[in-house]
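sequence unknown, structure follows:
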């Protein structure tokens, strides 16, 4: 499979690149600056701005699937996710690429308030609420498209050893998912690309404890 990874130099994106290569896929890593740890054998690097329609469209040529793993570090208001996704969806239609896996996170949609006490009462209101306001707009754009999309909402990132089973939820209900590792998220994304088990589904993934 030929996979374009947006946000390929990030914490999850770089792991998606490495795991995709390990599974024998052809990967193009889309990065804005130095490719850093995604400069692997067999990985093509596309440099550019995700808000540049032409650059994104060129990178999409010949691809079979896209993984959206872009993140931001700022805590202020942003429209990066929705703006870049609007351009991406248009470019995917132009290039005839149908498969998209987009990583958002806990705090989007019905997952809000389901990340555990520390995340819900400290991290979300102080650090991530603005980015999730835009990620909700991003998700709506994807869900309204005619692509073969999957939206993956990981629980709060933690490298601590989990004490419960890994869960994949299509309905949140009353479940709280307090942790998931970046490696687990990357593995799940590659598995979903290979199986297509959750096409046109929005998923909440992680561990309850």
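Looks like it arrived, so ask away. These figures come from a predicted structure and were not determined experimentally.

residue 115: neighbouring residues, count only.
Residue 115: 26 surrounding residues under other C-beta atoms under 10 Å. C-beta here means a position set from N, CA and C on the backbone, and glycine is covered the same way.

am I right that it falls within a helix?
No - secondary structure of residue 115 (DSSP: H, G, I helix; E, B strand; the rest coil): coil, not part of a helix.

and the closest residue to it other than its chain neighbours, what does it touch?
Distances taken as C-beta to C-beta, 6 or more residues apart in numbering place residue 106 nearest to residue 115, at 4.1 Å, with adjacent residues excluded. Going by C-beta atoms under 8 Å, 6 or more residues apart in numbering, residue 106 touches 112, 114, 115, 119, 153, 154, 155, 156, 177, 204, 206.

just to be sure, residue 106 is in a helix?
No - Residue 106: not assigned to a helix; according to three-state DSSP it is coil.

quick check: bridge partners of the spatially most central residue of the chain?
For the chain, the residue nearest the mean C-alpha position is residue 103 (2.0 Å; C-alpha atoms, centre = their mean). Residue 103 forms beta bridges with residue 152, as assigned by DSSP bridges.

returning to that earlier point: for the residue nearest to residue 115, give its distance to residue 116.
Distance from residue 106 to residue 116, counting by C-beta to C-beta, to the nearest Å: 9 Å.

the residue nearest to the centre of the chain contacts residue 186, correct?
No - at 9.2 Å, residue 103 does not count as touching residue 186 under the criterion of C-beta atoms under 8 Å.

what do those two both touch?
Shared contacts of residue 103 and residue 186, defined by C-beta under 8 Å, 6+ apart, are found at residue 12.

re the thing from before, quick check: neighbours shared by residue 106 and residue 116?
Contacts common to residue 106 and residue 116, judged by C-beta under 8 Å, 6+ apart, are 155, 156, 177.

let me know the secondary structure of the closest residue to residue 113 other than its chain neighbours.
Excluding its sequence neighbours, the residue lying closest to residue 113 (C-beta to C-beta, 6+ apart) is residue 120, at 5.4 Å. Three-state call for residue 120 (three-state DSSP): helix.
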